[in-house]
Every structure is written in structure tokens, then in C-alpha cells.
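> Next come a sequence and a model predicted from it.
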Amino acid sequence: YPRVGWSLWCAFAIALVASPAQAAVRHVVLLQSFERGSLVLDRFTALLRVHLDEGWDEPVNVTEFVVNPAGFSDSPEEAIVEYVRSAFAGRPKPHMVVTSGGPAAAFAQKYRTQLFPDSPTIYAAVDQRFLRNGTFGDNETSVAAANDPAGSISEILRVLPATETVFIVVGSGELGKFWRQEFEGEFARFGPLVHFIWAEGMSYGELLRRVSTLPPRSAIFFNSFDIDGEGATYPVERVLTDISARADAPVFAAQSAELGYGVLGGKMISIENIARTTADAALQILGGTSPRSIKTAIEAPGPLTFDWRQLQRWGIREASLPVGSVVLFREPSVWDRYKWIIIGSASALFAQTALIAALLVNRARRRRAEQSLQEHVADLRTARTSLSHLSGRLMEAQEQERARLARELHDDVSQRMSFLAMDVARLREVLTDDTAAAQEQALELQEDVIALGRDIQGISHRLHSSKIQVLGLRAAGIYLGLSERTA
């Protein structure tokens, strides 16, 4: 019998030796197109298992069989049919059969009546070209995709309008031959504008050498690589990584699971959507819904999706991409990586700067205030000095005025009063003795003049004492003040 992976044997053994008491367990047979190594189908299987476990309350056992095992130039279909039939001989039929990929779908359609004619069957993760024009029995349904290779080439020309050569990566097995036949018919519309080179028949080493020596203005479109020209198989992850590392032209693809392994981009069919839709249909069937009543939309290629890292490698600007393109694997910028650190540091720096600025402003204000205070103190001192000088000058002016009045009283009025008193005395001398009344009146007049003279002289001394001339203004003032208080 054909070789089956060790993990598949373990899963099958566990499912077959399960206790009869586990009546609620649902048993699903998953027919795989290839053994492990297909990015697309491995991704589909992993997601399908997760969705089944999440959507069904009871355990779901999944047993996998590979219909196209590695190591064979062509699939030993009859041996595989016999092996699967013998594995279920005398055991309950599975609750459901799910196929994964085109070869498994073709195998199940061909041998369904010999294997599980009464088990509901879902043909999943398969291009609609493998489904006999979409005609199914009452116990069959599909979750199919519509690959558009010609559309993929058109999108390559939109992104790289100068492209003249496209290298098509397809394997040398039955699947690769099938896709080359399909592609050649669809690529005829490009005529002489695009030259196509096919990897079919090349060994793996020849493939890698060829992609490294492509002519200028070339592109690479990866479809599949089931087997090389020497009959060897390789994991798709390795194939894509090696091609991308050696190629002198960008690599395009059409399956979402292949993005991230050196592929620049393309219109991707979402394997995630297919796995989710398949799980939903499987859960409905396990719940009793007839497969015939389950109709699912054919999964079409989504928007153009690109790997940001490959855009950088090939110098393709995002602005030049078609409108609506999606860019994934974008490496975070310095801002994205350290945004909060930058914000925190900037905030701290801003706060520190604001604090320093406030301190400088306060310092400048304090200096201005101190300078203003010093200026005011100097002005006050100047004013006080000026006021002192003014007071001295005023006192001098007053004293000068008083001295002038005193001189006038002493030198003029007093002298005149003295002369008047002497005139009155002479008048008395010339008066006759008979005029006693006149004598008396003249005497009184003389005494009044003398008294008036003394009063005027006293005023003169009070206005400007002779002590001022001898002692000075300040000392004389002190002396006179003490004299007045003593008096």
C-alpha cells in the first residue's frame, strides 16, 4: 500500500480504537491531495479542524488519507481505494467525507461509489475546474474557488507595465500538466506581447538556476510545484523561499497562504474564507442538513495584496500600486515601535523646557525688578539730596529776605525813628515854659517815638540776629531756639 504519513496513521488508529461508549463522536474522513508540504492545503486543514472543534459541542474525529502520496510518478489510485475500503471493513461508515484540493476531489468523484456512497461529501478547497461542471448528487456539495490565471497576468502587467517575460512555475506531475494546459489556453489572449517560460520538466536545481538568469523586464508567477522533472517533491515553503532568494525578478502568486514566503503579491484567493465556509457547511451536515440544500458562493480572487517587504526589495512605491491594493507585513516605523517612549520623552522634555523657560522668565523679571528697585532707590536718594539742597536754599533765601528786611528796619526805619526822636527833643527845647501842655504832649510824643524805635529794633533783631553772622545759620538757630525755650 502507498506510504502514509506517521501522523495520519496515529490519527486513524486512535479513531478506530475509540470506545463504543463514545456514541456521540462524529467521524470525518478527510481526503488530502498531497502529503504535508502544501502551504495552501496545510493551512486549510489546520483551520478546518479548529472551526469544527469550535462549532461542534461533541468530539469530532478527523481521519486523513492521502490520495497522491509522495514518491510515485503517478497516483496508485486502485491501491489507495483498496486500502481505504479495507480500513473501514466491518466498521461504521464515516459521518462525512471532506476532500482537500483538486486531485482529492477528482479521486473522490471517481471512486465515491466504491468507498462511501452513503456518506455526505464536501468537495472543498478545489478549483471549480475539477468538479464535473458542478453537477452533484443529493449527498454532495462543494466549497470551490475560481482561479483566474489570466487575470493574475493582467495584474502583473498593471503593477509592472514594462513586463515582457513571465516565468510560470508549475510542477512536472499530473497537476502541473493539468494547469499548464489550462493556462496556455487562457494566456493566448496576450499574444506576442508577453513571452511565457514554463518550469514543467525542470529539475529543482534547473528551476533555481533559471529564475536567477531571467531576461530584463521579467516576472515570475508561482502556481504549484507538486513534483520536479526528476520525480522529487519539495515543500512549497522551501520552493518559494529558494526561488525568491535567487530570482532576479519579483514573484507573484494567487493563494493567500503563500504570501509571506518571498511572494511580492497578486490577487489572492482567501484560503481562510474557504476553510471557514467549509466548516460551516460541515457543521450543518453533521446537524442533519441535506448537502444538496447547501449552496456556497464560489470563492473568487480578492483585492490585490502585497508584501511590504518585497515592495521595498524591488523598489516599488506604494503610491504606484493600483487603487484598492492591500499591503501586509508592513514593518513598524520608528514612531510605531517607540511611539509611547517618544511621547513620554517628548512630554518630559517639554515639561523640563517649560520649567527652565519659566525659571529664566522669573529670573529675568527678578533682575528687572531689582534693577528697577535700585533705580528707584537711586532716584529717591537723588530726590532726597535735591530736597535737602532745596530746603537749604529755601532757608537761605528766607534768611536772606529776613536779613534784607532787618537791614531796612535797622538801617533805615530805625535811623529815621532816631532822627525823629531827636527832632522831637529839640522841639521840646524850643517850646516856651508857658506851654506846659505842649511840653507834656511833646514828651509823650518823644516817648512814643523812642518806644516805637525800640520795637522796630527788636523786630530787626528777631528777623536777623547778629549771632547768625557770627555763628552761622544752623548754630545760631540752635542757640536762639535754646534761648527761647530758656526764656
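Happy to help now that I have it. Numbers count the residues shown, from 1 in each chain.
> Now do the contacts for the closest residue to residue 183 other than its chain neighbours.
Using CB to CB, 6 or more residues apart in numbering and skipping the chain neighbours, the partner closest in space to residue 183 is residue 149 (5.0 Å). All C-beta atoms are positioned from the backbone trio N, CA, C, and that covers glycine. Listed by CB atoms under 8 Å, 6 or more residues apart in numbering, the contact set of residue 149 reads 179, 182-183, 186-187, 221, 223, 254.
> Of the residues you listed, which belong to strands?
By the criterion of DSSP state E, membership of these in strands covers residue 221.
> The contacts of residue 149: which two are farthest apart?
187 and 254 (14.1 Å; CB to CB).
> Neighbour count for the two, which is higher?
residue 254 (23 against 17; other CB atoms under 10 Å).
> quick one: that one and residue 60, what's the gap?
Distance, residue 254 to residue 60, using CB to CB, to the nearest Å: 31 Å.
> Next: residue 76.
Applying CB to CB, the value for residue 76 to residue 60 is 29 Å.
> More neighbours: which of the two?
Neighbour count, other CB under 10 Å: between residue 76 and residue 60, residue 60 has more, with 19 against 15.
> Need phi/psi at the more buried one.
Backbone torsions of residue 60, given as degrees, to the nearest 10, read phi -120, psi 110.
> Look up the pLDDT of it for me, please.
For residue 60, the pLDDT comes out at 91.
> So what sits opposite it in the bridge?
Legend: beta-bridge partners of residue 60 under DSSP bridges are residue 26.
> from what I can see it touches residue 30, true?
No - the criterion here is CB atoms under 8 Å, and residue 60 misses it with residue 30 at 10.8 Å.
> Residue 93: neighbour count?
Burial measure for residue 93: 14 neighbouring residues, criterion other CB under 10 Å.
> For the contacts of residue 149, give me CSV that also has pLDDT.
Formatted as CSV, the contacts of residue 149 follow (pLDDT from 0 to 100):
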residue, pLDDT
179, 92
182, 91
183, 93
186, 92
187, 94
221, 98
223, 94
254, 96
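> Among the contacts of residue 149, which lie within helices?
Secondary structure defined by DSSP state H assigns 179, 182-183, 186-187 of those to helices.
> Let's have those in a markdown table, adding distance to residue 85.
Conversion of the ones in helices among the contacts of residue 149 to a markdown table gives the following (distance: CB to CB, whole Å):
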| residue | distance to residue 85 |
| --- | --- |
| 179 | 30 |
| 182 | 32 |
| 183 | 36 |
| 186 | 38 |
| 187 | 41 |
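> Go through those residues and name the one nearest residue 46.
Nearest to residue 46 among the ones in helices among the contacts of residue 149 is residue 179, at 24.2 Å by CB to CB.
> I'd say the closest one and residue 222 touch.
No - Residue 179 is not in contact with residue 222 according to CB under 8 Å; the separation is 11.2 Å.
> Comparing those two, which shows the higher neighbour count?
More neighbours surround residue 222 than the other of residue 179 and residue 222, with 26 against 22 (other CB under 10 Å).
> Am I right that the more buried one is in contact with residue 252?
Yes - between residue 222 and residue 252 there is a contact at 7.1 Å, judged by CB under 8 Å.
> Quickly list what's touching both of the two.
The overlap between the contact sets of residue 222 and residue 252 (CB under 8 Å, 6+ apart) consists of residue 263.
> For residue 130, give me its contacts.
Per CB under 8 Å, 6+ apart, neighbours of residue 130: 102-103, 105-106, 123.
> Now it. Nearest residue, chain neighbours left out?
residue 102 (4.1 Å).
> Please apply the same query to residue 306.
residue 265 (3.4 Å).
> residues in contact with the one you found?
159, 252-253, 259, 304-307, 310-311, 325.
> Let me see the backbone angles for it.
According to degrees, to the nearest 10, residue 265 has phi 160, psi -160.
> Low-confidence ranges, the stretch 1-150 of the chain, go.
Within the stretch 1-150 of the chain, the segments meeting pLDDT under 70 span 1-23, 70-75, 132-134.
> Where do the helices of the stretch 151-300 of the chain begin and end?
174-187, 204-211, 236-246, 271-286 (DSSP state H, counting those that start in this stretch).
> Check which helices and strands the second one is in contact with.
Right, helix 204-211. strand 165-169, helix 236-246 (3 or more CB pairs under 8 Å, 6 or more residues apart in numbering; DSSP states H and E).
> switch to 6 Å and redo it
helix 236-246 (3 or more CB pairs under 6 Å, 6 or more residues apart in numbering; DSSP states H and E).
> Cool, thanks, signing off.
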